[in-house]
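A.B. asks: Please find the sequence and the predicted model below.
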Amino acid sequence: MLDLAIRQTLGAFTLDIAFTAEERGVTALFGRSGSGKTSVINAIAGLTRPDAGHIRIGDTLFFDSARRIDIPVEKRRIGYVFQDARLFPHMTVRSNLEFGLRRVPAVERHIAFGPVVELLGLGHLLDRRPRGLSGGEKQRVAFGRALLAQPRLLLMDEPMASLDTARKAEIMPYIERLRDEMNIPIVMVSHALDEVVRLATTMVLIGEGRVRAVGPVGAVMGRLDLSAVTGAQDAGTVLDLTVERHVPDDGLTVLAFDGGHLTVPRVERAPGASVRLHIHARDVIVALQQPVGVSVRNALAATVVEIAESGPSSADVRLAVGGSFLIARITRAAVRELGLTPGRPVVALVKGIAFGPGSIGAPAEGRRIVDV
Ligand SMILES: Nc1ncnc2c1ncn2[C@@H]1O[C@H](COP(=O)(O)OP(=O)(O)OP(=O)(O)O)[C@@H](O)[C@H]1O
């Protein structure tokens, strides 16, 4: 368990953050620029000291003001990956990686060189110097160097912010492997929703130095009251689905979740694999009954849960679909004419699904919306 509660005054800014998250996977701190994300991970790293509070990772107490505990930076065993890779330019990739390893006594090394090189696909780069590497390759080396220092926790501050869309799509699977195959908790800072949607196990939404929401990505994204914090344009939800089967003749894949099925353009994953999709509110339509004679293929039985105004003429309607949620952005006039109220059974039509760095099965060229 990550357990953090800190108060810290930074000039005119006050950070007052408290959350717990499971240790497994990626905890993503998401929020606008200046909301306090970097200040939180600097406190976790021990680079700054909160005025009060505690920071605990599993059994290890890094900081506790009441008990006067403040483990120094070098004893925290925390790997820190920055936006820019910060590799040693005069050293080869191999030497950069070995630098991480050499910082730890041999008996305490449980993460070995070979598996890290394999995990991050660095084998063919070992004799090169950073100068000739792409941004994404440099970041992979930075991940490797951090891992080989045998961290208790890995911090990543906007690790993809300096990469273009194609490079980002290239590096995301490596971060997923890191998340899924190494038993190291990751705390990542991001202001890019697509990264959070794809990578986060727990999402911590931060606004003006406070935690606005915390929980699984789908649950946080599905809250209507938070669209001002997440960014109104990004309103939508996240569904976790499983590949059920492919329909080769039509180039389609059928995905299953607790609310039914979605048919989408072919996803290059084997049946049984998990897929996370970001479904924008603007791509969901509400109907009172199963429509006939429409091109949209995905119609899901749903119940209206909540309705909130989202613009001068629009409303966001939160729909329960099985145990999951969708948000539909429709006109307020439509809410009135259809007589939508909480509890009303409806049909949710999903007319588009965003495939991009934020969706698994993303095409390498980056983000695109597919009508389904
Ligand atoms: N040492 C400091 N002294 C004064 N103000 C500070 C200090 N450190 C941070 N701040 C202020 O605290 C606020 C939060 O900064 P922080 O870097 O944590 O935000 P952020 O969410 O990571 O933003 P970004 O995404 O732009 O990096 C900012 O207004 C910043 O100017």
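C.D. replies: Received the coordinates, thanks.
A.B. asks: And whichever residue of the chain sits closest to the ligand, what's its pLDDT?
C.D. replies: Proximity to the ligand, evaluated over the chain using CB to the nearest ligand atom, is greatest for Gly11 at 2.8 Å. Bear in mind the C-beta positions are built from the backbone N, C-alpha and C, glycine included. At Gly11, the pLDDT value in this model is 92.
A.B. asks: what's the answer for Ser134, then?
C.D. replies: According to the prediction, Ser134 has pLDDT 91.
A.B. asks: Using the three-state scheme, assign the nearest residue to it once chain neighbours are set aside.
C.D. replies: Closest residue in space to Ser134, ignoring its immediate chain neighbours: Arg167 at 6.5 Å, by CB to CB, 6 or more residues apart in numbering. Counting by DSSP: H, G, I helix; E, B strand; the rest coil, the backbone at Arg167 sits in helix.
A.B. asks: Report how many residues lie close to Arg167.
C.D. replies: The number of residues packed near Arg167 is 18, by other CB atoms under 10 Å.
A.B. asks: cool, Glu244 as well?
C.D. replies: Glu244 - counted by other CB under 10 Å - has 15 other residues nearby.
A.B. asks: who's in contact with it?
C.D. replies: For Glu244, the contact set (CB atoms under 8 Å, 6 or more residues apart in numbering) comprises Val254, Leu255, Ala256, His261, Pro271.
A.B. asks: Only the buried subset of those, as a ChimeraX command please.
C.D. replies: To isolate the buried members of the contacts of Glu244 in ChimeraX, using 16 or more other CB atoms under 10 Å:
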select :254,255
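A.B. asks: Adding pLDDT, write the contacts of Glu244 out as TSV.
C.D. replies: Converted to TSV, the contacts of Glu244 look like this (pLDDT from 0 to 100):
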residue	pLDDT
Val254	93
Leu255	93
Ala256	95
His261	94
Pro271	93
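A.B. asks: which ones among the contacts of Glu244 are found in strands?
C.D. replies: Val254, Leu255, Ala256, His261 (DSSP state E).
A.B. asks: Going by distance to Phe30, which of those residues wins?
C.D. replies: Leu255 (24.9 Å; CB to CB).
A.B. asks: Quick check: the closest one touching Leu262?
C.D. replies: Yes. At 4.8 Å, Leu255 counts as touching Leu262 under the criterion of CB atoms under 8 Å.
A.B. asks: joint contacts of the two?
C.D. replies: Listed contacts common to Leu255 and Leu262 are Leu241, Leu277; contacts here mean CB under 8 Å, 6+ apart.
A.B. asks: and Asp59, how many neighbours?
C.D. replies: By other CB under 10 Å, 6 other residues sit near Asp59.
A.B. asks: Tell me the pLDDT of it.
C.D. replies: Asp59 is given a pLDDT of 91.
A.B. asks: I'd like to know how many residues surround the residue of the chain closest to the ligand.
C.D. replies: Neighbour tally, Gly11, other CB under 10 Å: 5.
A.B. asks: next one: phi and psi at it?
C.D. replies: phi 60, psi -120 (degrees, to the nearest 10).
A.B. asks: Would you mind listing what in this structure touches the ligand?
C.D. replies: With CB under 6 Å from any ligand atom as the criterion, the chain meets the ligand at residues Leu10, Gly11, Phe13, Gly31, Ser33, Gly34, Ser35, Gly36, Lys37, Thr38, Ser39, His191.
A.B. asks: Helices of this protein, start to end?
C.D. replies: Using DSSP state H, the helices of the chain run over 37-45, 73-76, 93-102, 113-119, 135-148, 165-181, 193-199, 217-221, 227-230, 332-338.
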